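K.L.:
predicted model and sequence below, questions to follow.
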Amino acid sequence: MTDYGVVIMCEMARMGDSVLTAPDLSLRTGLTVPTAAKILRLLAKGELLTSIRGAHGGYRLDRKPGDIAVAEIIRTMEGPVAVTSCVDDSDEDCVALTCCPMRGGWEKINRAINLALEGVTLADMLQDTPQNLTPETVSPAPGEFEKVVAE
């Protein structure tokens, strides 16, 4: 559902200040109306969308796309982003906690993931959407793949 939440938020951002309904978004994204409606309710509850009642009601973005981090969408859809239960304040006990060779290491990984997700906004997600893709944006520059792999 989280990936669908990002898809819906991107579509909302593409439409600017338009008020969209679940059927509108269903047509635009290929999701079923019940799925779109459920996601819209969650996103509104998470204060990413504003719900508008009435005959011309629906949903619209609560903020500008550049002010909404992908991390917020993920947290709204599924809670804290955590690679293991020992880094998300979970009540779940880990059977290997006392002897875990990764103890403390997971937190570094978790911080890196959260920092990366906080650094990507909804506006960033729209930059490389299919209507904006060109051969230059799809193909890495010579040596770029090797550089990323080496890091």
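P.N.:
Nice, I can see it.

K.L.:
can you list the buried residues in stretch 65-84?
P.N.:
Neighbour counts using 16 or more other C-beta atoms under 10 Å place 65, 68-77, 81-82, 84 of stretch 65-84 among the buried residues. Any C-beta I mention is one placed from the backbone N, CA and C, and that applies to glycine too.

K.L.:
quick one: it to chain centroid distance?
P.N.:
6 Å (C-alpha atoms, centre = their mean, to the nearest Å).

K.L.:
C-alpha coordinates for it, CSV please?
P.N.:
Provided in CSV are the C-alpha atoms of stretch 65-84 (Å, rounded to 0.1, in the frame of the first residue of the first chain):
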residue,chain,number,x,y,z
PRO,A,65,5.3,19.0,-3.2
GLY,A,66,8.8,20.3,-2.3
ASP,A,67,7.7,20.5,1.3
ILE,A,68,6.6,16.9,1.6
ALA,A,69,9.4,14.3,2.1
VAL,A,70,8.9,10.7,0.9
ALA,A,71,9.7,9.7,4.5
GLU,A,72,6.5,11.4,5.6
ILE,A,73,4.4,9.4,3.1
ILE,A,74,6.0,6.1,4.2
ARG,A,75,5.5,6.9,7.9
THR,A,76,1.9,7.8,7.3
MET,A,77,1.3,4.6,5.4
GLU,A,78,3.1,2.1,7.7
GLY,A,79,4.6,3.8,10.7
PRO,A,80,8.3,4.4,11.6
VAL,A,81,10.9,3.4,9.0
ALA,A,82,13.1,0.8,10.7
VAL,A,83,15.2,-2.1,9.3
THR,A,84,14.8,-4.1,12.6
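
K.L.:
mind listing what's buried in the host helix or strand of residue 3?
P.N.:
For residue 3, the host element (DSSP states H and E) is helix 2-14. Of the residues in helix 2-14, 2, 4-13 count as buried by neighbour count, 16+ other C-beta under 10 Å.

K.L.:
where does the protein have low pLDDT?
P.N.:
Applying pLDDT under 70 to the chain picks out residues 85-98, 103-104, 128-151.

K.L.:
circling back to that earlier point, between the buried residues of stretch 65-84, which is nearest residue 125?
P.N.:
residue 70 (6.7 Å; C-beta to C-beta).

K.L.:
and residue 102, which of the three is it?
P.N.:
Secondary structure state of residue 102, per DSSP: H, G, I helix; E, B strand; the rest coil, is coil.
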